[in-house]
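> Take this sequence and fold it.
(chains A, B, C and D)
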There are 2 protein chains.
Amino acid sequence: MSDQTTCLHQRESRPRRLILAGAHRQPGYCLTCGIRAQSVCSVIDDDDIARLAEVAVETLVLPGRTFIEEGTAATDFYNITSGNVKLFKALPDGRRQIMGFATTGHFLGLAVSDQYAFGAEAMDTVRLCRFSRARMRQLMDDFPRLERRLLAEASNELVAAQNQMLLLGRKTARERVASFLLDRMRDATDPSQDVPLPMTRSDMADYLGLTIETVSRTLSWMRAERLIAIGRGHTVRVTASERLETLAAGEAA
Amino acid sequence: MSDQTTCLHQRESRPRRLILAGAHRQPGYCLTCGIRAQSVCSVIDDDDIARLAEVAVETLVLPGRTFIEEGTAATDFYNITSGNVKLFKALPDGRRQIMGFATTGHFLGLAVSDQYAFGAEAMDTVRLCRFSRARMRQLMDDFPRLERRLLAEASNELVAAQNQMLLLGRKTARERVASFLLDRMRDATDPSQDVPLPMTRSDMADYLGLTIETVSRTLSWMRAERLIAIGRGHTVRVTASERLETLAAGEAA
DNA sequence: CGTAACTTTGATCTCGATCAAGGCTTGTGG
DNA sequence: CCACAAGCCTTGATCGAGATCAAAGTTACG
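Numbering: from 1, shown residues only, chains lettered A, B, ... in the order given. You can find the predicted model right below:
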């Protein structure tokens, strides 16, 4: 698929290396991109896609690497082509809030400000396309559909953020975990089967505004209540989705 | 200023009446609009502004009226021309989370979905311009700058939402109230003077994910610590902004 | 003035945090 | 193949920030 994965399989478990610099692609590159259909790139026609390919720089990020540092100059946009990423903000004493998890097809870096509003860390091996903001701006001038698509993207994220604010401000621990699991099921291929949770308890806690212990206890409670079954290797299956929906919606227990 | 304020001063405290239907404006209306400069409307030139005026419907909303109902069909966009609005989501048992406060110049209703993601209630007498989504869509086709401006608007809201997620997920009550007060100071005319807080303790609580009592106690504590001075009629003055900033940023006390 | 809504303050309770062991899993090296 | 180490995850005991319950005190408005 890609000719640039020379060190990809060597030692994924060691988050030591620098981000690979990547290279501008051949004009035909985006044309054959497998995830174009699900990403913002889909708004640019085959005829014009070479323009995008010129601007895109493919990059490989190893697990655990922070490739966007909160507060640094926002020079690029990113489009994830494979892997999982967590987006977060932190307080000076180390408290962290994860704003969301991004996966294949997600677009990162929307902000008017010249600084990134959040950090981004690879949860596994991540491949992404990088676009400089300046060049992206030119593309937006030439392709209004791109701007429209980004507006749609931003609007959706805004709705998600508002749901998360309701969760963080007003839901109980059980309601939070139930909401989280159901969200995961929603974008799973087969929600009736074991669904992977590619994040640690610590990540879930930082996403839900809880502690590791509370997340763990709540999951154990859900298993005891036969709402879910916890599989091996970070997977979960929902066994009573109706009851879980009721719980997540915050209806009187 | 407006000829449509016949019942404006009659009984603002009674949130009983229906929203006034309003009327399409004369072509020259937007041209003289005092808040155009601070709103999305500013991206449309004087030459073309008649197009916008045709589409705009001026509406008056009395205090306490909910003019956007969460979950109902999203038929319109709104632009606030005066007054204060709270945006909120609610759980079935009545728990509420206020997503934000909107005032003069703010644009409401961005969402790809066909339903409003949140409700909106007038906190005082509110005047707003209503645009049907369908007509707005036409305008966006004709004026790409409008779309660009909405993207900027959405991006800014996204950044604000992310800050609020950090606040709701990880900040203490004192840090939340400090952050809130400083945000209020930021868009005040003169932050060194008494700044109005046009919302009740209950609204602050629902915005900050706290209870009325905790908000009240925290404000009392801040007054006792000489961080703020609480004026009469919902006003506050910050007397120790450095210490308040430190507190809001979440640095070790 | 009187009343209804909002705010403050106090007493007590509780959910989730914190502190503290253990138990699993995974990966490495003998 | 097993021993060991280093992370995770789970479970238990206790604590505490903020919620809840309760009662005055203020404000605003008719």
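
> buried stuff in the host helix or strand of A:A102?
Taking DSSP states H and E as the definition, A:A102 sits inside strand A:96-103. For strand A:96-103, a neighbour-count test (16 or more other CB atoms under 10 Å in any protein chain shown) marks A:R96, A:Q97, A:I98, A:M99, A:G100, A:F101, A:A102 as buried. The way it works is simple: take the backbone N, C-alpha and C, and place the C-beta from them, glycine included.

> Kindly report the same for stretch A:244-253.
Those would be A:L244, A:T246, A:L247, A:A248, A:G250, for stretch A:244-253 by 16+ other CB under 10 Å.

> Relative to DNA strand C, how far out is the residue nearest the centre of chain A?
Per CA atoms, centre = their mean, the C-alpha nearest to the average position across chain A is that of A:A102, at 0.6 Å. A:A102 sits at a distance of 23 Å from DNA strand C (criterion: CB to the nearest atom of the strand, to the nearest Å).

> in the sheet, who's paired with that residue?
A:V85 (DSSP bridges).

> That one reaches A:L87, doesn't it?
Yes - look at A:A102 against A:L87 with CB atoms under 8 Å: they come within range, at 6.2 Å.

> Find the residues that touch each one of those two.
A:L108, A:A120 (CB atoms under 8 Å, 6 or more residues apart in numbering or on different chains).

> Next, the contact list for the residue in the stretch 51-200 of chain A that DNA strand D sits nearest to, please.
At 3.5 Å from DNA strand D, A:T200 is the closest residue in the stretch 51-200 of chain A, using CB to the nearest atom of the strand. Under the criterion of CB under 8 Å, 6+ apart, the contact list for A:T200 is empty.

> Please report how far it lies from A:L227.
21 Å (CB to CB, to the nearest Å).

> The lengthiest helix in chain A to helix B:144-170, inter-axis angle?
Across chain A, the longest stretch assigned as helix under DSSP state H is helix A:144-170. Orientation check (axes from the mean of the first three to the mean of the last three CA atoms, to 10 degrees): helix A:144-170 against helix B:144-170 gives 20 degrees.

> Which elements pack onto helix A:144-170?
Packing partners of helix A:144-170 (3 or more CB pairs under 8 Å, 6 or more residues apart in numbering or on different chains; DSSP states H and E): strand A:96-103, helix A:133-142, helix A:173-186, strand B:84-90, strand B:96-103, helix B:144-170.

> ok, back up a step: in PDB, could you pull the C-alpha coordinates for the strand holding A:A102?
In PDB, the C-alpha atoms belonging to strand A:96-103 read as follows (Å, rounded to 0.1, in the frame of the first residue of the first chain):
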ATOM      1  CA  ARG A  96      -5.800  16.000  32.000                       C
ATOM      2  CA  GLN A  97      -9.000  16.200  30.000                       C
ATOM      3  CA  ILE A  98      -9.300  14.200  26.900                       C
ATOM      4  CA  MET A  99     -11.400  16.100  24.400                       C
ATOM      5  CA  GLY A 100     -12.000  13.100  22.100                       C
ATOM      6  CA  PHE A 101     -10.600  10.200  20.300                       C
ATOM      7  CA  ALA A 102      -9.900  10.500  16.600                       C
ATOM      8  CA  THR A 103      -9.500   7.600  14.200                       C
END
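
> gap between that strand and the chain center?
For strand A:96-103, the separation from the chain centroid amounts to 7 Å (computed by CA atoms, centre = their mean, to the nearest Å).

> Mind checking what helix or strand follows that strand in sequence?
Tracing the chain C-terminally past strand A:96-103 and defining elements by DSSP H and E, one meets strand A:107-108 next.

> Is that next one in proximity to chain B?
No - Strand A:107-108 stays clear of chain B (CB under 8 Å from any CB of the partner chain), getting no nearer than 11.7 Å.

> how about the residue lying closest to A:G250 once chain neighbours are set aside, what does it touch?
Nearest residue to A:G250, sequence neighbours excluded (CB to CB, 6 or more residues apart in numbering or on different chains): B:L91, at 3.8 Å. Going by CB under 8 Å, 6+ apart, B:L91 touches A:L166, A:R170, A:K171, A:A249, A:G250.

> Between all of the buried residues of stretch A:244-253, which two are separated the most?
Farthest apart among the buried residues of stretch A:244-253 by CB to CB are A:L244 and A:G250. That separation is 12.3 Å.

> To A:Q26, which of the helices and strands packed on helix A:144-170 lies closest?
helix A:133-142 (16.8 Å).

> still on that earlier bit, what about the longest helix of chain A and DNA strand C, touching?
No - Helix A:144-170 is not in contact with DNA strand C by CB under 7 Å from any atom of the strand; minimum separation 10.2 Å.

> Looking at that helix now, give me its mean pLDDT.
Across helix A:144-170, the average pLDDT comes to 95.

> Over to stretch A:208-224?
97.

> And it, what's buried?
A:L208, A:G209, A:L210, A:T214, A:V215, A:T218, A:L219, A:M222.

> Check stretch A:227-237 too.
Buried, per 16+ other CB under 10 Å, within stretch A:227-237: A:L227, A:I228, A:V236, A:R237.

> hmm, back to that, export the buried residues of strand A:96-103 as JSON lines, with columns for distance to DNA strand D.
Shown next, in JSON lines, are the buried residues of strand A:96-103 (distance: CB to the nearest atom of the strand, whole Å):
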{"residue": "A:R96", "distance to DNA strand D": "14"}
{"residue": "A:Q97", "distance to DNA strand D": "15"}
{"residue": "A:I98", "distance to DNA strand D": "13"}
{"residue": "A:M99", "distance to DNA strand D": "19"}
{"residue": "A:G100", "distance to DNA strand D": "18"}
{"residue": "A:F101", "distance to DNA strand D": "14"}
{"residue": "A:A102", "distance to DNA strand D": "19"}
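
> Pick out the most distant pair among the residues you listed.
Longest span within the buried residues of strand A:96-103, CB to CB: A:R96 and A:A102, 16.2 Å.

> Show me what from chain A comes close to DNA strand D.
A:T200, A:R201, A:S202, A:I212, A:E213, A:V215, A:S216, A:R217, A:L219, A:S220, A:I230, A:H234.

> I figured the last one hits A:D194, correct?
Just to be clear, that refers to A:H234. No - if you go by CB under 8 Å, A:H234 and A:D194 don't touch, sitting 9.8 Å apart.

> List the ones among the residues of chain A next to DNA strand D that fall in strands.
Using DSSP state E, the members of these that fall within strands are A:I230.

> Return only those of the residues of chain A next to DNA strand D found close to DNA strand C.
Near DNA strand C, by the rule CB under 7 Å from any atom of the strand, you find A:E213 out of those.

> Can you tell me which of the residues of chain A next to DNA strand D is nearest B:R65?
For these, the nearest to B:R65 is A:V215 (40.8 Å; CB to CB).

> gap between that closest one and B:Q38?
With CB to CB as the criterion, A:V215 and B:Q38 are 44 Å apart.

> what stretches of the stretch 1-150 of chain A score poorly on pLDDT?
A:1-25 (pLDDT under 70).

> if we can go back for a sec, so of the buried residues of stretch A:244-253, which ones are in helices?
Short answer: the buried residues of stretch A:244-253 in helices (DSSP H) are A:L244, A:T246, A:L247, A:A248.
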